[in-house]
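Trainee: Sequence and predicted structure, then a few things I'm wondering about:
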Number of protein chains: 6
Amino acid sequence: MPYVNIRITREGGTTAEQKAALIGGVTDLLRDVLDKNPATTFVVIDEVELENWGVGGLPVADYRRTQAPPA
Amino acid sequence: MPYVNIRITREGGTTAEQKAALIGGVTDLLRDVLDKNPATTFVVIDEVELENWGVGGLPVADYRRTQAPPA
Amino acid sequence: MPYVNIRITREGGTTAEQKAALIGGVTDLLRDVLDKNPATTFVVIDEVELENWGVGGLPVADYRRTQAPPA
Amino acid sequence: MPYVNIRITREGGTTAEQKAALIGGVTDLLRDVLDKNPATTFVVIDEVELENWGVGGLPVADYRRTQAPPA
Amino acid sequence: MPYVNIRITREGGTTAEQKAALIGGVTDLLRDVLDKNPATTFVVIDEVELENWGVGGLPVADYRRTQAPPA
Amino acid sequence: MPYVNIRITREGGTTAEQKAALIGGVTDLLRDVLDKNPATTFVVIDEVELENWGVGGLPVADYRRTQAPPA
């Protein structure tokens, strides 16, 4: 009876179809690799505002600017 | 000093009174079973959008349709 | 289909019976307050080493010493 | 930069190869469905003792006994 | 490659600058104390509605009223 | 009343002193940036086995080998 929590940044374009593909894909993976029963596999997706997610010591939007190639 | 995280689907009708009942009930349970001090017991409720919660490999709304009895 | 995560300090004496009482009690609470189905209610207990839990800016064992009444 | 937490019961036989298959599979899924960069995708697996996981109001081992077919 | 989750009550006034200060501060701390690489340190901030957070067996707003000094 | 969860790989050498430094540092940060009360700030550190943490689609140990500079 696995519980899977997927946390991603909320970026405007994640559709219900994409979320369904994540839910189905993770559930299949747990069945295939560990023989877990899909009926008792929970998948919960959290969408996190960009300003609430940090990497490299910076909020994501600022971090991405540091990674952009120079013009 | 327990920390309890309750994750439920957001379905429109969870009232502040129901949330207070969950908070009080879990805190009492930890005091009664483990003698935990209510003053340092945290309870955090997360309400998750239906399309972000999956079970049986499907988003909850789709899953429920598969469980409905035939007419 | 709730998911509940209870995090407590590991203090040597939490028995399987006490854990079962927490699992049963939280599941009953969610059924009574929100009409959630016990069959799809998950409860996961995490026991955390004392030196890994902090409050008041101190590991729990140190914190407790600051709270002890003077002799 | 997704963060994925997979929580499963610890049942003695989960191998390093199976864990690697979960890590690879979830990372591929997030790349395929949402174009997420594998280099900044974290996957963390938590293995939870059977007596610490409940469903149906019972610890997992007790719950399974209620689900077993009669002889 | 640490993952840090900061959960706070949402109280209207947390600015993007304050969030950036939390992200930078935690990342620096992990580098200074454990030599963790900022490039693979994630910090995720969750803001929780007041009525969804409980302490002392009460929702936060009610709890604060019990702590207020008498007039 | 913040709750902070720090998840790091377990690599043998994290001492109680380092954990206390993380607990104290995060608590100070929340007080300095958001005026949060240390007495109601919880910090919980989870140490995760190397084979249970993945990045870049690989368990950490394998990932590090791909990052090592050539001799």
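Mentor: All right, it came through fine.
Trainee: Show me the helices in chain A, by range?
Mentor: Taking DSSP state H as the criterion, chain A contains helices spanning A:16-34, A:60-67.
Trainee: Point out the most buried one among those helices.
Mentor: Mean neighbours per residue, mean count of other CB atoms under 10 Å in any protein chain shown, is largest over the helices of chain A for helix A:16-34, with a mean of 19. (Each C-beta comes from the backbone N, C-alpha and C, glycine too.)
Trainee: any bit of that helix sitting next to chain F?
Mentor: No: using CB under 8 Å from any CB of the partner chain, no contact is recorded between helix A:16-34 and chain F, whose separation bottoms out at 12.9 Å.
Trainee: nearest spatial neighbour of A:Ala16, skipping sequence neighbours?
Mentor: Excluding its sequence neighbours, the residue lying closest to A:Ala16 (CB to CB, 6 or more residues apart in numbering or on different chains) is B:Glu51, at 4.8 Å.
Trainee: cool, A:Gln18 as well?
Mentor: Among residues not flanking A:Gln18 along the chain, D:Val33 sits closest, at 5.4 Å (CB to CB, 6+ apart).
Trainee: pLDDT at that neighbour, what is it?
Mentor: Per-residue pLDDT puts D:Val33 at 98.
Trainee: That one and chain F: what is the separation?
Mentor: Using CB to the nearest CB, to the nearest Å, one gets 14 Å for the distance from D:Val33 to chain F.
Trainee: Surely that residue and A:Val26 touch.
Mentor: No: in this structure, D:Val33 is not within contact of A:Val26 by CB atoms under 8 Å, at 10.2 Å.
Trainee: And the pLDDT at the residue nearest to A:Ala16?
Mentor: Taking B:Glu51 on its own, its pLDDT is 96.
Trainee: repeat for A:Met1
Mentor: A:Met1 carries a pLDDT value of 86.
Trainee: Next: the one 5 residues further on.
Mentor: With respect to pLDDT, A:Ile6 scores 98.
Trainee: Kindly report the same for A:Pro70.
Mentor: The predicted local confidence for A:Pro70 comes out at a pLDDT of 63.
Trainee: Up against chain B, what does chain A have?
Mentor: Taking CB under 8 Å from any CB, the part of chain A that reaches chain B is made up of A:16, A:19-20, A:22-24, A:26-28, A:38-47.
Trainee: cutoff 10 Å now
Mentor: Proximity of chain A to chain B, by CB under 10 Å from any CB of the partner chain, involves residues A:3-6, A:14-17, A:19-20, A:22-28, A:30-31, A:37-47.
Trainee: any idea how far A:Pro2 is from chain B?
Mentor: A:Pro2 sits at a distance of 11 Å from chain B (criterion: CB to the nearest CB).
Trainee: List the residues that contact that residue.
Mentor: Applying CB atoms under 10 Å, 6 or more residues apart in numbering or on different chains, we find A:Pro2 in contact with A:26-27, A:29-31, A:34, A:36-38, A:40-43, C:42, D:6-9, D:22, D:45, D:48.
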